[in-house]
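Visitor: only the shape, not the letters, is given here:
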């Protein structure tokens, strides 16, 4: 909270002002489940084209970001939803092999395959009985 | 199935509000769904409707639907969209799930349009999880320009 505030000479606190207009985001619903070799993530991102999708894994934080563009074919007569950008982050508990992340986008559903890194996989250790 | 639950709750609230407006003698939305029991009672998918001079445009938010299961039909001024949203992957054990938020199952949605459309000219496209339907207005529903004669 304190970081968002800037003290002024009048000792009145005002909040920081961004130079860019705020972008609006919604949280997409996801399914996450464990597979034999890692994690699978599915996210509903209707209206996002392949080139407008941004997926990153940094410091074991998975970020899914999708941009949408709403093109109104005429004047709005009835609205139940608004197409806004998607944003969601997850902290991953296991190390992900970044080089082998697989992502497919089909019919507005993103499917991510996050394989566990080799060094993080449990190894079977033989116990020698002497 | 939490997704349906939320929508049901919202639908119930919407009905309450509609009823409150009706009590005041105001007309409810011309787009209210027809009353039918079961699957059609849900408000899924969400639909936006646009209009220009020649046509109405309906856009439905339907991610992850098999295009072959999608069914669009138009009778006079009633648009019906049905289909099936596929479940995640079959055979995933319940304990393997960390998150399970995406709903799945069959759906049917009926929307009453504000005017009659020409069913033979209806075109539907499914792209990036959005179903876009172009509904040309029926000839008799288009506004007629009447010239004024000056005597």
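Guide: Arrived safely. Here the structure is a predicted model, which is why all the values come from computation and not from measurement.

Visitor: and the helix or strand harbouring residue B:84 with chain A, contact?
Guide: Secondary structure from DSSP states H and E places residue B:84 in strand B:78-85. No. No part of strand B:78-85 sits near chain A under the criterion C-beta under 8 Å from any C-beta of the partner chain; the closest distance found is 9.2 Å. No exception for glycine: its C-beta is placed from N, CA and C like everyone else's.

Visitor: go through the helix or strand following that strand and flag the buried ones.
Guide: Downstream of strand B:78-85, the first helix or strand assigned by DSSP H and E is strand B:97-100. Buried positions in strand B:97-100, judged by neighbour count with 16 or more other C-beta atoms under 10 Å in any protein chain shown: residue B:100.

Visitor: stretch B:104-120 now?
Guide: B:104, B:107, B:108, B:109, B:110, B:111, B:113, B:116, B:117, B:118.

Visitor: any idea how far apart the tips of it sit?
Guide: Distance between the two ends of stretch B:104-120: 31 Å, counting by C-alpha to C-alpha, to the nearest Å.

Visitor: do stretch B:91-107 as well
Guide: First residue to last in stretch B:91-107 (C-alpha to C-alpha) measures 23 Å.

Visitor: where exactly do the strands run in chain A?
Guide: According to DSSP state E, chain A carries its strands in the segments A:5-7, A:13-15, A:25-26, A:30-34, A:38-44, A:48-58, A:61-68, A:75-78, A:85-91, A:102-106, A:109-115.

Visitor: list the contacts of residue 109.
Guide: I'll assume chain A. Each residue near residue A:109 by C-beta atoms under 8 Å, 6 or more residues apart in numbering or on different chains is listed here: A:42, A:43, A:44, A:45, B:63, B:64, B:129.

Visitor: if you could check chain B rather than the one you did, that'd help
Guide: Listed by C-beta under 8 Å, 6+ apart, the contact set of residue B:109 reads B:33, B:40, B:42, B:43, B:44, B:45, B:47, B:60, B:80, B:81, B:82.

Visitor: by neighbours, which of these wins?
Guide: When neighbours are counted by other C-beta atoms under 10 Å in any protein chain shown, residue B:60 leads the contacts of residue B:109 with 28 neighbours.

Visitor: ok, now which ones touch the residue nearest the centre of chain A?
Guide: Nearest to the geometric centre of chain A sits residue A:64, at 2.2 Å (C-alpha atoms, centre = their mean). Residues in contact with residue A:64, defined by C-beta under 8 Å, 6+ apart, are A:28, A:41, A:43, A:45, A:53-55, A:86-89, A:110, A:112.

Visitor: same thing but at 7 Å, please
Guide: By C-beta atoms under 7 Å, 6 or more residues apart in numbering or on different chains, the residues touching residue A:64 are A:43, A:55, A:86, A:88, A:110.

Visitor: list the contacts for the first one?
Guide: The neighbourhood of residue A:43, defined by C-beta under 7 Å, 6+ apart, consists of A:28, A:30, A:64, A:110.

Visitor: so what pLDDT did it get?
Guide: Residue A:43 carries a pLDDT score of 94 in this model.

Visitor: check contacts around residue B:60.
Guide: B:45, B:46, B:47, B:81, B:131.

Visitor: mind redoing it with 8 Å?
Guide: By C-beta under 8 Å, 6+ apart, the neighbours of residue B:60 are B:45, B:46, B:47, B:81, B:109, B:130, B:131, B:133.

Visitor: please consider this matter closed, and thank you.
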